[in-house]
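# one predicted model, sequence on top.
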Amino acid sequence: MPPTTSQPHNPIEEQMVTAVTPKSNSRPNGKPNTHSRQGKDTVANADHLDDQLAHDLVQLFKLLSDETRLRILYFLMNEEEINVRTLCELLQQSQPAVSHHLALLRGAGLIQARRDGKHNFYRIMPQRVHEMLAMIFAAAPEHDNSIRVNDFELTYTHVDSDRR
């Protein structure tokens, strides 16, 4: 089955995440799938997750584990920028609640604020999102920008602007 690719329509166009369902017991890079039940016992042979990387991943997943923050990122990925008042309306939440979530996302470097008069406008920081995706995929065994679970594989590829 050919890989299914979603074409980004947001400020994070430089990244492409692809879901692939392989036909065989080998990875797209030609390496055998050692993570399947038919493969060798990889627990004894697996690299250990670096302590700092584990800590960073935990912090990232804690940040992304909140529904409001995920919705904010979703809305910002679909628009160049959005002001706080609009986010409050979209989320149906108060300004202090939305501002709290925006502050956490801003502190992590995922979004950036721009003030225009009395209004704050927020936008996604594509480079930081790229760094976080790279961090997630770096934790995968063999560090080949793919994560495999049973017969499904998620791959991450940095796409040049010229390829679009």
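In hand now; what should we look at?

# send over stretch 87-107 as PDB, restricted to the C-alpha atoms.
C-alpha atoms of stretch 87-107 as PDB (Å, rounded to 0.1, in the frame of the first residue of the first chain):
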ATOM      1  CA  LEU A  87      -9.400  32.300  20.700                       C
ATOM      2  CA  CYS A  88     -11.700  32.900  23.700                       C
ATOM      3  CA  GLU A  89     -14.700  32.700  21.300                       C
ATOM      4  CA  LEU A  90     -13.400  29.600  19.500                       C
ATOM      5  CA  LEU A  91     -12.600  27.800  22.800                       C
ATOM      6  CA  GLN A  92     -15.700  29.200  24.600                       C
ATOM      7  CA  GLN A  93     -13.400  30.000  27.600                       C
ATOM      8  CA  SER A  94     -12.600  33.100  29.600                       C
ATOM      9  CA  GLN A  95      -9.700  35.400  28.700                       C
ATOM     10  CA  PRO A  96      -7.800  34.600  31.900                       C
ATOM     11  CA  ALA A  97      -8.100  30.800  31.200                       C
ATOM     12  CA  VAL A  98      -7.000  31.100  27.600                       C
ATOM     13  CA  SER A  99      -4.200  33.500  28.500                       C
ATOM     14  CA  HIS A 100      -2.900  30.900  31.000                       C
ATOM     15  CA  HIS A 101      -2.600  28.300  28.300                       C
ATOM     16  CA  LEU A 102      -1.100  30.700  25.900                       C
ATOM     17  CA  ALA A 103       1.600  31.600  28.500                       C
ATOM     18  CA  LEU A 104       2.500  27.900  28.900                       C
ATOM     19  CA  LEU A 105       2.800  27.500  25.100                       C
ATOM     20  CA  ARG A 106       4.700  30.700  24.700                       C
ATOM     21  CA  GLY A 107       7.100  29.600  27.600                       C
END
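
# pLDDT (mean, whole number) over it?
Stretch 87-107 shows a mean pLDDT of 96.

# now do stretch 60-77
Stretch 60-77 shows a mean pLDDT of 94.

# list the buried residues for that stretch?
Buried residues in stretch 60-77, counted by 16 or more other CB atoms under 10 Å: Leu60, Leu63, Thr68, Arg69, Arg71, Ile72, Leu73, Phe75, Leu76, Met77. Heads up, the C-betas are built off the backbone N, CA and C, glycines and all.
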